[in-house]
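Q: Quick one: sequence and predicted model below, then my questions.
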Amino acid sequence: MKAILVECITRGYKSKLKELEELAKSRGYEVVGKIIQKRRAPDPSFYIGKGKVQELREIIEKTGAETVIFSNTLKASHAFRLRRELGWQINVIDRNLLVLEIFEERARTAEAKLQIELARLYYTLPWTREYIRFRNLYGEQVGWGALGEYLHKVYESHVRKRIAILEKKLEKVRFKSKMLMVKRHELGVPVVILTGYTQAGKTELFNKLTKERKDVGLGPFTTLATYGRRINIGRKEYFILVDSIGFIEDMHPLILDAFYATLHELSLADLIILVIDASESNKDVRRKIEASDEILRRVAPATPLIICLNKIDLINQEEIDEKTRIIREIFPYQPIVAISAKKKINLQKLIKEVKKQIKAET
Ligand SMILES: Nc1nc2c(ncn2[C@@H]2O[C@H](COP(=O)(O)OP(=O)(O)OP(=O)(O)O)[C@@H](O)[C@H]2O)c(=O)[nH]1
Ligand SMILES: [Mg+2]
């Protein structure tokens, strides 16, 4: 699967090309070309300018790429016009659809699968609608005329029905997992959940604490299902540690809503451990901490929190202090523990803090 990445940088737009490349590779694409354009505003027809479309066509011809991935969020009409220009066999997608592809590939649980199908239907409904509308408009190949309009209505009502079915199923599945959490509560077993950005090291930490061997480091969204294991912390004391799906920056709201409904689990936990990658730049750490704070305020405003600064084996003491200071600005009262999951540094300290927080709760 050969792909070309395209990014249009308008004023105030932060480049996501590096992350896009990681996402594309993680999905199994071979990146054979990149096109970057700076413009004051997106081109209304193609998002990028006509000359760049020409350049894109040339790279496609030269490399035999069959997919074009935009880092910007495309409108259905952009994708349509681009495909009309580049050839219908060329698949034009954007970052949101790429993220969905990755989710689709990795989803294991019934809940994740349902959520993803739902998100894709929500997201692509306007794309398909536009696609059929435009093809009729231009009378290309299809040329269904009035029938096209009819087919589109049939398709749309089919999709709406499917959405309703999926929503019901999902509700049932969620109810089950909620009951599981409630049961644990009733049994008095504290639930501690790991959260944070994708690739922060949540699963590495989970593995080290539970002696599990779950996949780590396969690129963004290595973990897509939540799972829990028991950890003993005393003769009769234990808690359940839950590993969960990571955050990603700039998620499209439709995908966020559908998918991150799993974040609901966070609100049912007794304690949240927010894992931060300390090896990233101060700027990235700050931005991610701020975004995490926002997400947590929304989904689990009352749940106690421990901040876990991970991967300290990759930085020096001065940098650890600096990053701790940045975290302090945003989380003035929460405990911060600097650890290395990989090198098993300060894991006991973390457990001790968990114990303290759980005790305070019960
Ligand atoms: N050097 C170093 N690397 C680490 C540490 N913890 C995790 N890693 C590496 O960071 C990468 C990502 O770790 P994961 O545990 O998969 O991250 P995650 O947060 O579970 O990511 P998602 O499942 O995608 O949300 C892997 O290559 C890990 O080996 C650490 O303390 N030090
Ligand atoms: Mg993981």
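A: Yep, it's here. Numbering: from 1, shown residues only. Ligands and ions are numbered 1, 2, ... in the order given.

Q: Mind jotting down where the helices sit in this protein?
A: Taking DSSP state H as the test, the helices found in the chain are 17-26, 50-63, 76-86, 95-106, 110-138, 146-186, 202-210, 253-259, 264-268, 282-299, 317-330, 347-361.

Q: tell me the angle of the last one relative to helix 202-210?
A: Orientation of helix 347-361 against helix 202-210 (axes from the mean of the first three to the mean of the last three Cα atoms, to 10 degrees) gives an angle of 90 degrees.

Q: Convert helix 347-361 to CSV, retaining C-alpha atoms only.
A: The C-alpha trace of helix 347-361 is given here as CSV (Å, rounded to 0.1, in the frame of the first residue of the first chain):
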residue,chain,number,x,y,z
LEU,A,347,7.7,1.6,40.5
GLN,A,348,7.4,0.9,44.2
LYS,A,349,7.1,4.5,44.9
LEU,A,350,4.2,4.7,42.5
ILE,A,351,2.5,1.7,44.1
LYS,A,352,2.9,3.3,47.5
GLU,A,353,1.2,6.5,46.2
VAL,A,354,-1.6,4.4,44.8
LYS,A,355,-2.0,2.6,48.1
LYS,A,356,-2.2,6.0,49.9
GLN,A,357,-4.8,7.3,47.5
ILE,A,358,-7.0,4.2,47.6
LYS,A,359,-6.9,4.3,51.4
ALA,A,360,-7.9,7.9,51.5
GLU,A,361,-10.8,7.0,49.3
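
Q: And residue 241, how far from residue 267?
A: For residue 241, the distance to residue 267 equals 17 Å [Cβ to Cβ, to the nearest Å]. In this view, the C-beta of every residue, glycine as well, is placed from N, C-alpha and C.

Q: so residue 252 makes contact with residue 96?
A: Yes. Taking contacts as Cβ atoms under 8 Å, residue 252 lies within contact range of residue 96: 4.3 Å.

Q: Which neighbours do those two have in common?
A: 73, 123 (Cβ atoms under 8 Å, 6 or more residues apart in numbering).

Q: Which of these two has more residues huddled nearby?
A: Legend: neighbour count by other Cβ atoms under 10 Å for residue 252 and residue 96, higher for residue 96 (23 against 19).

Q: What pLDDT is listed against the closest residue to residue 125 other than its chain neighbours?
A: The shortest distance from residue 125 to any non-neighbouring residue, by Cβ to Cβ, 6 or more residues apart in numbering, is to residue 159 (5.7 Å). pLDDT recorded at residue 159 is 88.

Q: Contact partners for residue 159?
A: By Cβ under 8 Å, 6+ apart, the neighbours of residue 159 are 121, 125, 128.

Q: Quick check, the residue in the stretch 251-362 of the chain closest to ligand 2?
A: Using Cβ to the ion, the closest approach of the stretch 251-362 of the chain to ligand 2 is made by residue 275 at 9.5 Å.
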